[in-house]
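> Requesting a structural model of the entry that follows:
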Amino acid sequence: MYDATKPYKKQILESVQQTWETPYVSVKRGIVVKKFSLPEYHHTDGIGTKGIYHWNQRSFRNAVIDALAMNLNDLALMRAVPYAIIDHLILPCDNKEAILEIIGHLAGECSKRDIAITGGETAIHNNMEGLEISIAMLGFVEKPKQNQFEIGDVLIGIESNGLHSNGFTKVREIFGEEFRQDFIAPTHIYLDIILALDEQFDIHGMTHITGGAFTKLKDFLPDCADAITKKDHQLEPQQIFRELYEKGIADEEMYKTFNCGIGFILGVSQKEADAVISQIKDFKADIVGEVIPGNRTVKIFSKFSDKKIEF
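The predicted model follows:
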């Protein structure tokens, strides 16, 4: 039975307090004191219906990484350094052990990144099937810059490790009660390599391939440009995507719902492309396309068939 007094609050606070002194903020008696004065970018996201699998499998650390990744990777688009989060943990039942484990993992991951947990809420929704970890993330931007591709840019893709945290409503529709380890693999975090690359190179545009998948490229195209992918790049869709395709999902839906093996895309000049790829050490990367004159159309050469898709 749900205990509205939340008797585990003291233990949660003990975990969270580990994050309250960082190079960026100091938290005392609930008051947040910033140690910088720079432009900021704020973002919020969660793990969505992937949380059903995390709850059933008790893969709580992976769930925490998913929640952080969905925010960290979008902060990368703004070249923002995270310094604080506010979390909202939603569970289908009151489970002290699960709550403390999740908060423990969250505090641990935030401590590694000098991110303070400055607030949070735990809610029990008994009409839910799974877990939700929703995070509001705050970051500062040392050198604000417009995120937009330019005509002539080479598009560099960075590999995903599979589904990441999008398209799980469709996954559940297709696979039903069947479970795969792919369903709980944590999302790659790209922020660290993106910030490092941004210090060395002139990155024009970037896209995190999440909800909306490759249609999101349009958000960062000028009106006079198209983005077009190559057929022969080296970032192949993982087997789970091929299974989804074989179960009847059309090419167009695959590329507007799933990352299909590419988790992040950068736009750089042709002369810098090889040097950029050489600096991406922890992930496989390849030239996956280019930006050409056009009218804000995204053209995808499918890896599943001979079809060309346009958004």
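
> Just list the residues touching the residue most central in space within the chain, thanks.
Nearest to the geometric centre of the chain sits residue 70, at 2.8 Å (C-alpha atoms, centre = their mean). Counting by C-beta atoms under 8 Å, 6 or more residues apart in numbering, residue 70 touches 45, 46, 47, 135, 165, 187, 210. Yep, even glycine has a C-beta here, placed from its N, CA and C like the rest.

> rerun that using 10 Å as the cut-off
By C-beta atoms under 10 Å, 6 or more residues apart in numbering, the residues touching residue 70 are 43-48, 50, 133-135, 137, 164-166, 187, 189, 208, 210-211.

> Write a ChimeraX command that selects only the buried members of those residues.
With 16 or more other C-beta atoms under 10 Å as the criterion, this ChimeraX line picks the buried residues out of those:
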select :43,45,46,47,48,50,133,134,135,137,164,165,166,187,189,208,210
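
> Which members of the contacts of residue 70 occur in helices, if any?
Applying DSSP state H to these, the entries found in helices are residue 50.

> Near the closest residue in space to residue 129 that isn't next to it in sequence, how many other residues are there?
With sequence-adjacent residues excluded and distances taken as C-beta to C-beta, 6 or more residues apart in numbering, residue 129 is closest to residue 52, at 5.0 Å. Neighbour count of residue 52, defined by other C-beta atoms under 10 Å: 20.

> didn't residue 52 look like it was pressed against residue 131?
Yes. Between residue 52 and residue 131 there is a contact at 7.6 Å, judged by C-beta atoms under 10 Å.

> Now do the shared contacts for the two.
By C-beta under 10 Å, 6+ apart, the residues touching both residue 52 and residue 131 are residue 92.

> Okay, helices next: where are they in the stretch 151-300 of the chain?
With helices called from DSSP state H, counting those that start in this stretch, the stretch 151-300 of the chain shows them at 168-175, 191-200, 239-246, 251-257, 270-279.

> Tell me which of the ones you listed is the most buried.
The highest average neighbour count among these, using mean count of other C-beta atoms under 10 Å, belongs to helix 251-257 at a mean of 20.

> What is it packed up against?
In terms of contacts (3 or more C-beta pairs under 10 Å, 6 or more residues apart in numbering; DSSP states H and E), helix 251-257 is packed against helix 168-175, helix 239-246, strand 298-301, strand 308-310.

> that's a helix at residue 147, yeah?
No. Counting by DSSP: H, G, I helix; E, B strand; the rest coil, residue 147 is not found in a helix; it is coil.

> Low-confidence ranges, the protein, go.
Applying pLDDT under 70 to the chain picks out residues 1-2, 4-5.

> so where do the strands sit in the chain?
Assigned by DSSP state E, the chain shows strands spanning 25-28, 31-34, 40-45, 81-91, 116-124, 132-140, 154-159, 205-208, 225-229, 262-268, 285-293, 298-301, 308-310.

> Point out the most buried one among these.
Mean neighbour count, computed with mean count of other C-beta under 10 Å, is highest for strand 262-268 among the strands of the chain, reaching a mean of 26.

> Show me which positions of stretch 99-106 end up buried.
Neighbour-count burial for stretch 99-106 flags 99, 100, 102, 103, 104, 105, 106 (criterion: 16+ other C-beta under 10 Å).

> Which one of those residues is nearest to residue 295?
Residue 295 lies nearest to residue 106 out of the buried residues of stretch 99-106, by C-beta to C-beta, at 43.9 Å.

> Residue 135 against residue 65, yeah?
No. Residue 135 sits out of contact with residue 65 when judged by C-beta under 10 Å, with a separation of 11.5 Å.

> Pull up the overlap in contacts between those two.
When contacts are counted by C-beta under 10 Å, 6+ apart, residue 135 and residue 65 are jointly contacted by 47, 72, 106.

> For the first one, list the residues it contacts.
Spelled out, it's residue 47. Going by C-beta under 10 Å, 6+ apart, residue 47 touches 53-54, 62-70, 130-135, 165-166, 168, 186-187.
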